[in-house]
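Visitor: structure for this input, please:
(one chain, ligands or ions: 1)
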Amino acid sequence: MKDEKKQTMSGGCPAGTHGHGEAYGGTIDTKTDALLTYASYLQVPELLRLQKPQSQPPHHDEMMFIIIHQTYELWFKELLHDLDAVTAAFRHVAESAAKRDEIYEAARLLRRCTEIMRVAVSQFTILETMLPSHFLAFRGKLEPASGFQSEQFREIEFLCGLKDEKLLRHHDAAPEAMAALQRRLREPSLHDVFFDALHTVGKLKAARPKATDEERALAVRDLYMDEQHFRDWIDVCERLVEFDELVMSWRLRHIQLVERTIGMRSGTGGSAGSSYLRTTLDKKFFPELWEARTMLEQPPQ
Ligand code: HEM
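Guide: Alright, predicted model coming up:
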């Protein structure tokens, strides 16, 4: 039985690739029966075979164009992984209020999400080293593929609470993506479970389906005004606002990149291009957290 040979790896670096492999018991790669290596653990050869330019002969910049998009998709995958865990943490709080550890864990993972988004926003500068004329040289080969078809980007939006069923049509040709998105549409969002949890801890009076936007914002305001008892919650709120802020920054930087690269041309996905993207700039995952700021009252002097 191959699995019996599997041993636990110790140390942070994959398979002791820094030359001290002998210090570990060693893990056997069940696929090859050989000792696990950096390449076999991370599947590097497979990963490096995934960049396939469409232009012929390949345009020099198309490699970077593919790698940037793949990198974004990997970060989106990690974001979904973490945001799902944050959602589960709030669900546990909603089910039983006495879960301080869950709030700590939610804050810890949200911090990771904001750091990933910071990297995601800054990464656009790499694409901006591509001349607009160079992109035009291979852009035609990419049609009708478009960012509209990024399943994971849309999953992040749906998971955080921005559910727009109309956007499903971009996934008509991808049944698995469609099924995943439909599941996200049905499931309670991070936004939903956050407010369920606030109801359970007594800050949101009406249960979520009944609570109005204003009541939700007031619940958040009440948290901020009771700092002594709700520090951990305020910390979570600040991280959610920061995540919202960074996704808005991502949208803006993407538009700047689009205008710099293709000007006011329409998109390969059939939208008007930059003028469509500008309509998404005001999207917020947690509008009540922003609204609560206006509602705050001056503390007694
Ligand atoms: C030269 C580079 C890029 C150009 C010219 C570009 C252009 C566009 C355009 C015009 C749209 C509107 C939809 C359409 O009609 O196709 C769009 C949407 C989108 N793009 Fe890009 N894009 C670029 C790079 C990227 C990168 C690196 C990502 C990273 C994942 C990305 C992700 C998306 C997403 C997720 C959407 C949907 C946004 C929404 O509906 O709110 N794009 N892009």
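Visitor: pLDDT weak spots in the protein?
Guide: By pLDDT under 70, the low-scoring segments of the chain are 1-24, 97-98.
Visitor: tell me which residue is most central in it.
Guide: Leu79 (3.5 Å; Cα atoms, centre = their mean).
Visitor: the helix or strand harbouring that residue: how far from the chain's middle?
Guide: In the assignment (DSSP states H and E), Leu79 maps to helix 62-95. Here the centre of helix 62-95 is set off from its chain's centre by 4 Å, with Cα atoms, centre = their mean, to the nearest Å.
Visitor: verify the stated contact: Leu79 with Leu110.
Guide: No: Leu79 lies out of contact with Leu110 (Cβ atoms under 8 Å); the separation is 10.6 Å. No exception for glycine: its C-beta is placed from N, CA and C like everyone else's.
Visitor: related to what we said a few turns ago, the helix holding Leu79 - contacts with which helices or strands?
Guide: For helix 62-95, the packing partners by 3 or more Cβ pairs under 8 Å, 6 or more residues apart in numbering; DSSP states H and E come out as helix 100-122, helix 124-127, helix 132-139, helix 151-160, helix 190-200.
Visitor: how much space separates the closest residue to the ligand within the stretch 201-301 of the chain from Ser274?
Guide: In the stretch 201-301 of the chain, the residue that lies nearest the ligand is Gly267 (2.0 Å; Cβ to the nearest ligand atom). As judged by Cβ to Cβ, to the nearest Å, Gly267 and Ser274 stand 9 Å apart.
Visitor: can you check Gly263 too?
Guide: In terms of Cβ to Cβ, Gly263 sits 8 Å off from Ser274.
Visitor: neighbour count: the two, which is higher?
Guide: Ser274 (21 against 10; other Cβ atoms under 10 Å).
Visitor: quick check: that one touching Glu259?
Guide: Yes: Ser274 lies in contact with Glu259 (Cβ under 8 Å); the separation is 5.0 Å.
Visitor: quick revisit: residues touching the residue nearest to the centre of the chain, list them.
Guide: Applying Cβ atoms under 8 Å, 6 or more residues apart in numbering, we find Leu79 in contact with Cys113, Ile116, Met117, Ile156.
Visitor: I'd say Val193 and Glu95 touch.
Guide: No: using Cβ under 8 Å, Val193 is not in contact with Glu95; the gap is 9.9 Å.
Visitor: out of the two, which sits in the more crowded spot?
Guide: Using other Cβ under 10 Å, the more surrounded residue of Val193 and Glu95 is Val193, with 23 against 13.
Visitor: gap between the nearest residue to the more buried one once chain neighbours are set aside and the ligand?
Guide: In space, and not counting its chain neighbours, Val193 is closest to Phe90: 4.1 Å by Cβ to Cβ, 6 or more residues apart in numbering. Distance, Phe90 to the ligand, by Cβ to the nearest ligand atom, to the nearest Å: 25 Å.
Visitor: re earlier: most neighbours per residue, which of the helices and strands packed on helix 62-95?
Guide: helix 190-200 (a mean of 24; mean count of other Cβ atoms under 10 Å).
Visitor: so how far is Glu62 from whichever residue of the stretch 51-200 of the chain sits closest to the ligand?
Guide: Closest contact between the stretch 51-200 of the chain and the ligand, by Cβ to the nearest ligand atom, is at Gly147 (2.1 Å). Here Gly147 is placed at a distance of 16 Å from Glu62 (Cβ to Cβ).
Visitor: please say which of the two ends up with more neighbours.
Guide: Neighbour count, other Cβ under 10 Å: between Gly147 and Glu62, Glu62 has more, with 22 against 17.
Visitor: which ones are touching the closest residue to the more buried one other than its chain neighbours?
Guide: Nearest residue to Glu62 in three dimensions, chain neighbours excluded: Pro53, at 4.1 Å (Cβ to Cβ, 6+ apart). Under the criterion of Cβ under 8 Å, 6+ apart, the neighbours of Pro53 are His59, Glu62, Met63, Ile66, Phe138.
Visitor: swap in 10 Å and give it another go.
Guide: His59, His60, Asp61, Glu62, Met63, Phe65, Ile66, Phe138, Lys141 (Cβ atoms under 10 Å, 6 or more residues apart in numbering).
Visitor: tell me which element Asp282 falls in.
Guide: Applying DSSP H and E, one finds Asp282 in no helix or strand.
Visitor: my guess is it contacts Met248. True?
Guide: Yes: between Asp282 and Met248 a contact is recorded at 8.3 Å, counting by Cβ atoms under 10 Å.
Visitor: more crowded one of these two?
Guide: The neighbour count for Asp282 versus Met248, taken as other Cβ under 10 Å, is higher for Met248 (18 against 9).
Visitor: separation between the more buried one and Val121?
Guide: Going from Met248 to Val121 by Cβ to Cβ gives 10 Å.
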